[in-house]
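Enquirer: task: produce atomic coordinates for the following.
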Amino acid sequence: MRLSVAIWPPQEIVEVLGALHRAPGIQWSSPEQWMVKVRPLGTVPDRVVPDLVEALTDELEGAPATPCALGPRTRALGGWIGVPVSGLDDLGAVVFAATAPIVPVTHPQPFRAFVWIARGRVPAAAGGQAISGMWIANRISLVADRSAPGRPRFENLASFELSA
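Expert: Here you go, the predicted model:
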């Protein structure tokens, strides 16, 4: 199964993302897909889920809630359009440290957090829209991506409260 450790933005940020201009001819993602991946884990066997939950529980206990900021502009990267999310470096380092012994790191480092809002054959010129929004992330989740073509489906396998 495909897993990520991610933050779901609150409704007010979903509305900000939903207000972006959507150029025709681009495959735009839907709001239920708008998560901020703090650590993409890729495809992992079901048997490692309990170890991941235990490691994240141990490492995230007492971790502080994290201020997050969108923007300042959308970016077209490798056929995708993303909205950069800043403020997650410290939390991301904790998540990577907790999970790397279980699922080796394969993504380029340092990892950059985005909300991916479009995919496919996205021209580079499609990025660059101004966007801003701020929120406090007070929960992070281990998320299973059980999507099929044209049918996004995500399941929180475990959630971890971040303290205020």
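
Enquirer: please make it C-alpha for all contacts and neighbour counts, starting now.
Expert: OK.

Enquirer: which residues touch the residue lying closest to residue 46 once chain neighbours are set aside?
Expert: Nearest non-adjacent residue to residue 46, counting by C-alpha to C-alpha, 6 or more residues apart in numbering: residue 1, 6.7 Å away. By C-alpha atoms under 8 Å, 6 or more residues apart in numbering, the contact set of residue 1 is 42, 43, 44, 45, 46, 144, 145, 146.

Enquirer: with residue 10 instead?
Expert: residue 135 are the contacts of residue 10 under C-alpha under 8 Å, 6+ apart.

Enquirer: and the end-to-end length of stretch 11-30?
Expert: This stretch, stretch 11-30, spans 13 Å end to end (C-alpha to C-alpha, to the nearest Å).

Enquirer: distance from that stretch to the middle of the chain?
Expert: Its chain's average C-alpha position is 16 Å from that of stretch 11-30, according to C-alpha atoms, centre = their mean, to the nearest Å.

Enquirer: which residues touch stretch 129-142?
Expert: The contact list for stretch 129-142, computed with C-alpha under 8 Å, 6+ apart, reads 3-10, 13, 16, 20, 53, 64-74, 83, 156-164.

Enquirer: could you list the buried residues of stretch 19-39?
Expert: 26, 27, 28, 33, 34, 35, 36, 37, 38, 39 (16 or more other C-alpha atoms under 10 Å).

Enquirer: that one: end-to-end distance?
Expert: End-to-end distance for stretch 19-39, by C-alpha to C-alpha: 26 Å.

Enquirer: quick one: the strands in this protein, in order.
Expert: Using DSSP state E, the strands found in the chain span residues 2-7, 27-28, 36-43, 66-70, 75-77, 80-86, 114-119, 133-137, 139-145, 154-161.

Enquirer: and those: which comes nearest residue 96?
Expert: strand 36-43 (6.6 Å; C-alpha to C-alpha).

Enquirer: and the closest one, what does it pack onto?
Expert: strand 2-7, helix 89-99, strand 114-119 (3 or more C-alpha pairs under 8 Å, 6 or more residues apart in numbering; DSSP states H and E).

Enquirer: between the second one and strand 139-145, how big is the angle?
Expert: Just to be clear, that refers to helix 89-99. 50 degrees (axes from the mean of the first three to the mean of the last three C-alpha atoms, to 10 degrees).

Enquirer: which outside residues touch helix 89-99?
Expert: Residues from elsewhere that reach helix 89-99 (C-alpha under 8 Å, 6+ apart): 5, 38, 39, 52, 55, 56, 59, 60, 63, 66, 105.

Enquirer: from the residues you listed, which would you call buried?
Expert: With burial judged by 16+ other C-alpha under 10 Å, the buried subset of these is 5, 38, 39, 52, 55, 56, 60, 63, 66, 105.
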